[in-house]
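J.: Quick one, what's the 3D model for this:
(one chain, ligands or ions: 1)
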Amino acid sequence: MTLKNKSIEEKNHPTLDIVGSYGVELTEKKIVLCIAGSVAAYKAIELARLLMRHGADVTCVTSNAVTKLVQPDYFKWATGNKVITKLTGDLEHIRLADYNKSDLIIVYPATANTLGKLANGIDDTPISTILTVGFGSKIPILMCPAMHASMYDNAAVKKNINFLKIKLNF
Ligand SMILES: Cc1cc2nc3c(=O)[nH]c(=O)nc-3n(C[C@H](O)[C@H](O)[C@H](O)COP(=O)(O)O)c2cc1C
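T.: Next up, the predicted model:
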């Protein structure tokens with residue numbers, strides 16, 4: 001969400017004390033951090049805080065699968081921002097990922113499932129809808145795959161990763 005859409009509570013959240021404590025490179029940068037259902041999700045909390053420490057405003061989007069591993073309140077604590085766990089009439093996907101609404105979308109961790117959805121134009125979860133909008137509005141997307149080697153070795157997963165490598169330049 002843009003700052004003007006934030007509640008008073010979000011603007012005054014105590015966790016914002018850390019913003020800029022390591023540097024100002026990301027000041028005024030809006031980063032959408034999508035967290036899919038991998039055990040690596042616990043590391044997204046530290047990533048969110050690191051981006052904030054360099055000045056960024058971070059909004060987290062969670063998949064249903066990850067909320068069974070990590071409670072969304074943890075991401076709220078980490079960032080001070082409302083966590084997007086579902087899409088509503090507030091049009092969170094447009095507010096976050098339409099033209100110039102954010103500077104970067106990170107998917108960390110990216111599951112085989114979520115990678116596959118983006119690579120094949122499937123749009124049936126909050127993360128995949130935000131990626132569909134962001135891909136169309138040309139917001140840079142950084143996918144950070146996390147999975148067992150056997151999943152990487154799946155030919156369909158490899159095909160999806162190779163497609164996204166070309167389209168997203170990662
Ligand atoms: C404990 C646990 C760990 C998982 N770790 C991974 C993982 O590292 N990578 C992956 O692609 N899927 C992993 N999965 C499977 C995904 O959660 C599952 O495919 C899910 O449908 C992904 O949905 P999402 O992409 O919407 O988050 C894991 C599942 C569980 C229960």
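
J.: near the ligand at all, the helix or strand harbouring Asn113?
T.: Asn113 is part of helix 112-119, with elements assigned from DSSP states H and E. Yes. Using CB under 6 Å from any ligand atom as the criterion, contacts between helix 112-119 and the ligand involve 112-114. Placement of C-beta: from N, CA and C, glycine included.

J.: Pick out whichever of these sits closest to Pro145.
T.: Ala112 (7.7 Å; CB to CB).

J.: circling back: name the residues that touch the helix holding Asn113?
T.: 34, 36-37, 63, 65, 107, 122-125, 127-128, 131-132, 135, 141, 143, 145, 147, 151, 154, 156-157, 159-161, 163-164 (CB atoms under 8 Å, 6 or more residues apart in numbering).

J.: If we check the ligand, which of the residues you listed are in contact?
T.: 36-37, 63, 65, 125, 147, 151.

J.: List buried residues within the residues you listed.
T.: Listed as buried from these are 36-37, 63, 65, 125, 147, 151; burial here means 16 or more other CB atoms under 10 Å.

J.: Please identify which pair of those residues lies farthest apart.
T.: Using CB to CB, those span at most 18.3 Å, a distance reached by Thr125 and Met151.
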